[in-house]
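Asks: sequence unknown, structure follows:
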């Protein structure tokens, strides 16, 4: 994704980072059989079902066939080169598990790439009275890490209608740094690494470089997408000789005109860079004087194959809308990258996620775990149309402990995250 200078409501991009594309191969039946057993997708022959409607919101449904659900394009066309298979794999997991339980659901696939498409999809969920939403995505900006911000404001519209919203925890468990916004020498923010930095390593196993994505955000997002902030930070990436590799220096403003150059409403800066093997320093410049260390916090998320954040935080790595207290946030029991929050006591559920495809590849992560739980939620809503969030969590409470007993250890070569950011 390109780092746009000005984001309109139509082009505001979703979660950042570079997703690991899923294989076009089909998921092995044995993987779905095992996953069904582990999450309690029992056969329900002879049981009375209520009609159940599921909306899968995702960034792309490349290669999706009609048997996976009814596909809905968003109001803003998506560049074909950016279209992902991520949503297609989520739909395959959901449909595969429902089939094993004998449930026929009305499944709809909504393109939610970018803010305008995401908002339109949520509005459709409300209008069409869906029972369950699966959103195996998170946003690196648009939220404050506490359930607030304009992304959660949209999600709340569906939650207010009684929708069971199942959200992936995200896979930033090892790629997040959170810190109070405190000025140090020469107005550089005080960060825990050398030279007031976040220390990043590029260590490719093959090839000569790493494609890295860095997103800096701070907790100044409004619940109104049209309202900006004048709290201003810049992001600078250097190599270990302090040579500047790339900078992101938009000027944050409360309101801006389309003609403004280099300005943004939103408290975020984004860098994408091709890095040679070695050590790098991400530093934050404090450009405005209206920050308070007791109230203002910055968050840096770093992602990319073979890229590690050495000065990372632990325990508080959730981003919107996984941080929403009313969604059911699902983490992966078998992935060390799965995000969490001690303060928010999330994720609500830990579930297994590993799947294999018939070309021999393996995928795991919070996206798969959320898809599995969404299928179970649909089953329970089909059995009880009035099932609440709390009742569903009660039925799911044994999944985490059971999954722990069969926890998958580290996998060998050829096992990748289905997505490194969601």
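Replies: Looks like it arrived, so ask away. Predicted, not measured: the structure shown is a model, and the values here were computed from it.
Asks: does residue 39 touch residue 350 like I think?
Replies: No. Checked against CB atoms under 8 Å, the pair residue 39 and residue 350 is beyond contact range at 11.1 Å. Backbone N, C-alpha and C define where each C-beta goes, glycine included.
Asks: between the two, which is the more surrounded one?
Replies: When neighbours are counted by other CB atoms under 10 Å, residue 350 comes out ahead of the other of residue 39 and residue 350, with 25 against 22.
Asks: strands along the stretch 201-350 of the chain, start to end?
Replies: Ranges of strands within the stretch 201-350 of the chain are 210-218, 233-239, 244-248, 251-252, 263-264, 268-275, 278-286, 297-303, 307-309, 328-332, 349-351, based on DSSP state E, counting those that start in this stretch.
Asks: closest to residue 128 out of these?
Replies: With CB to CB as the criterion, residue 128 lies closest to strand 328-332 of the strands of the stretch 201-350 of the chain, at 20.2 Å.
Asks: what's the pLDDT at residue 366?
Replies: Looking at residue 366, its pLDDT is 97.
Asks: the nearest residue to residue 64 once chain neighbours are set aside sits in which helix or strand?
Replies: Once flanking residues are discounted, residue 64 sits nearest to residue 88: 4.6 Å by CB to CB, 6 or more residues apart in numbering. Per DSSP states H and E, residue 88 falls inside helix 86-101.
Asks: quick one: average confidence on that helix?
Replies: Mean predicted confidence for helix 86-101 is 96.
Asks: distance between that helix and the chain's centre?
Replies: Helix 86-101 sits 19 Å away from the centroid of its parent chain (CA atoms, centre = their mean, to the nearest Å).
Asks: give the buried residues for that helix.
Replies: Residues 86-98, 100-101 are the ones in helix 86-101 that count as buried (16 or more other CB atoms under 10 Å).
Asks: follow-up on the earlier one: from what I see, the residue nearest to residue 64 and residue 56 are in contact.
Replies: No. Checked against CB under 8 Å, the pair residue 88 and residue 56 is beyond contact range at 9.5 Å.
Asks: how about low-confidence regions in the stretch 301-422 of the chain?
Replies: 400-422 (pLDDT under 70).
Asks: could you do the stretch 1-150 of the chain as well?
Replies: Looking at the stretch 1-150 of the chain by pLDDT under 70, you get 1-24, 45-46.
Asks: so where do the helices sit in it?
Replies: Taking DSSP state H, counting those that start in this stretch, the helices of the stretch 1-150 of the chain run over residues 29-39, 86-101, 115-127, 150-159.
Asks: could those helices go into TSV alongside distance to residue 204?
Replies: Below are the helices of the stretch 1-150 of the chain laid out as TSV (distance: least, CB to CB, whole Å):
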stretch	distance to residue 204
helix 29-39	29
helix 86-101	23
helix 115-127	33
helix 150-159	33
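Asks: what's the closest of those helices to residue 185?
Replies: Closest to residue 185 of those, according to CB to CB: helix 150-159, at 34.2 Å.
Asks: quick check: buried residues in the closest one?
Replies: For helix 150-159, a neighbour-count test (16+ other CB under 10 Å) marks 150-156, 158-159 as buried.
Asks: do the same with stretch 185-197
Replies: Applying 16+ other CB under 10 Å to stretch 185-197 flags 188-189, 191, 193, 196-197 as buried.
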